[in-house]
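Trainee: Generate a structure from the sequence data that follows.
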Amino acid sequence: MMDSIALAKAIELQTQAREERWRRNEDLFYHDYSMDPPALVVWAGRLITGLGAFVAAMKKADRRDVRRSACDDCEDTGCDQAASCRA
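Mentor: Numbering: from 1, shown residues only. Model prediction:
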C-alpha cells in the first residue's frame, strides 16, 4: 500500500513539474501532445468526407427540372433556358 501511495505521489510531482514547464514555455505543451492521428483515423476521415461530397453531388444531379428561368418571355412560352435570353 505504501508503494502505491509513493507511486501516486511521484506521478503527481512529475505532472506538476510538466505543467510548470508548460507555463514557462507554451510550445512544450503542443510538442508533448502533437502526435499525428493513426493512419486508420485519417483514412476513415477522408472516406467520410469523400462520400459526403459524392452524396451531395448526386442530390444535386437528381434534382427535377424546376422550370426556373431568368428571362421574362419564358413564363409564357415555357422555354427551358436557364440563362437570360435578353440581348
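Trainee: for the helix or strand hosting residue 3, packing partners?
Mentor: Applying DSSP states H and E as the criterion places residue 3 in helix 2-24. The elements that helix 2-24 packs onto, with contact taken as 3 or more CB pairs under 8 Å, 6 or more residues apart in numbering; DSSP states H and E, are helix 26-32. Every residue, glycine included, has its C-beta placed from N, CA and C.
Trainee: what about dumping the CA coordinates of the helix it packs on to CSV?
Mentor: Extracted in CSV, the C-alpha atoms of helix 26-32 (Å, rounded to 0.1, in the frame of the first residue of the first chain):
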residue,chain,number,x,y,z
GLU,A,26,3.7,27.1,-24.1
ASP,A,27,5.4,25.4,-27.1
LEU,A,28,6.3,22.4,-24.9
PHE,A,29,2.6,21.7,-24.3
TYR,A,30,2.0,21.5,-28.0
HIS,A,31,5.1,19.5,-28.5
ASP,A,32,4.0,16.9,-25.9
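Trainee: Can you give the contact residues for it?
Mentor: 18, 21-22 (CB atoms under 8 Å, 6 or more residues apart in numbering).
Trainee: Out of the residues you listed, which end up buried?
Mentor: residue 22 (16 or more other CB atoms under 10 Å).
Trainee: Would you tell me which one of the contacts of helix 26-32 comes nearest to residue 4?
Mentor: residue 18 (21.0 Å; CB to CB).
Trainee: Fine by me, we can end here.
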